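# Got a predicted structure here, sequence first:
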Amino acid sequence: MALSKGQLKNRIVSEMQNQGANPGGEHSWVNRMAEAIANAVVDEIQQNAEVEVTAGSSAGTYGVE
């Protein structure tokens with residue numbers, strides 16, 4: 001499953017609402033804060049992602065004789 005900034009933002013907003021935040025108020029920062037957090041998290045994960053191969057080969061020939 002690919003990382004999605006938009007889906008993460010929506011999840012953060014939902015969690016904040018569960019904690020009592022109101023994203024619809026005139027001076028609410030909920031949506032902007034959720035978007036900033038989602039962008040930072042996804043960017044950090046994508047920039048620092050490492051793949052560890054524990055078996056097989058990068059050529060996709062694991063188990064082929």
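Nice, thanks for sending it over. For clarity, every value in this text was computed on a predicted model and none was experimentally measured.
# Which of the helices or strands spans residue 42?
Under the assignment given by DSSP states H and E, the secondary-structure element containing residue 42 is helix 30-48.
# which parts of that helix are buried?
Neighbour counts using 16 or more other CB atoms under 10 Å place 30, 33, 34, 35, 37, 38, 42 of helix 30-48 among the buried residues. (Each C-beta comes from the backbone N, C-alpha and C, glycine too.)
# which regions of the chain lie under the pLDDT threshold?
Within the chain, the segments meeting pLDDT under 70 span 1, 56-65.
# thinking again about what came up before, packing partners for the helix holding residue 42?
Here helix 30-48 is seen to pack against helix 5-18 when contacts are counted using 3 or more CB pairs under 8 Å, 6 or more residues apart in numbering; DSSP states H and E.
# and the helix it packs on, what does it pack onto?
Under the contact criterion of 3+ CB pairs under 8 Å, 6+ apart, helix 5-18 touches helix 30-48.
# Need the contact partners of the helix it packs on.
With CB atoms under 8 Å, 6 or more residues apart in numbering as the contact definition, helix 30-48 has outside contacts at 3-6, 8-10, 12-13, 16-17, 21-23.
# who wins for most neighbours among these?
The most crowded member of the contacts of helix 30-48 is residue 9, carrying 21 neighbours; neighbours defined as other CB atoms under 10 Å.
# Now for that residue: which residues touch it?
When contacts are counted by CB under 8 Å, 6+ apart, residue 9 touches 31, 34, 35, 37, 38.
# list the contacts for residue 29?
By CB under 8 Å, 6+ apart, the contact list for residue 29 is empty.
# From residue 19, how far off is residue 12?
Computed with CB to CB, to the nearest Å, the distance linking residue 12 and residue 19 is 11 Å.
# before we move on, what about residue 29?
Distance check for residue 29 against residue 19: by CB to CB, it reads 14 Å.
# who touches both of these two?
Residues touching both residue 29 and residue 19 (CB under 8 Å, 6+ apart): there are none.
# coming back round to it: now for the contacts of helix 30-48: which two are most distant?
3 and 22 (27.3 Å; CB to CB).
# one step back: can you redo the contacts of residue 9 as TSV with distance to residue 49?
As requested, these are exported to TSV (distance: CB to CB, whole Å):
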residue	distance to residue 49
31	27
34	22
35	21
37	18
38	16
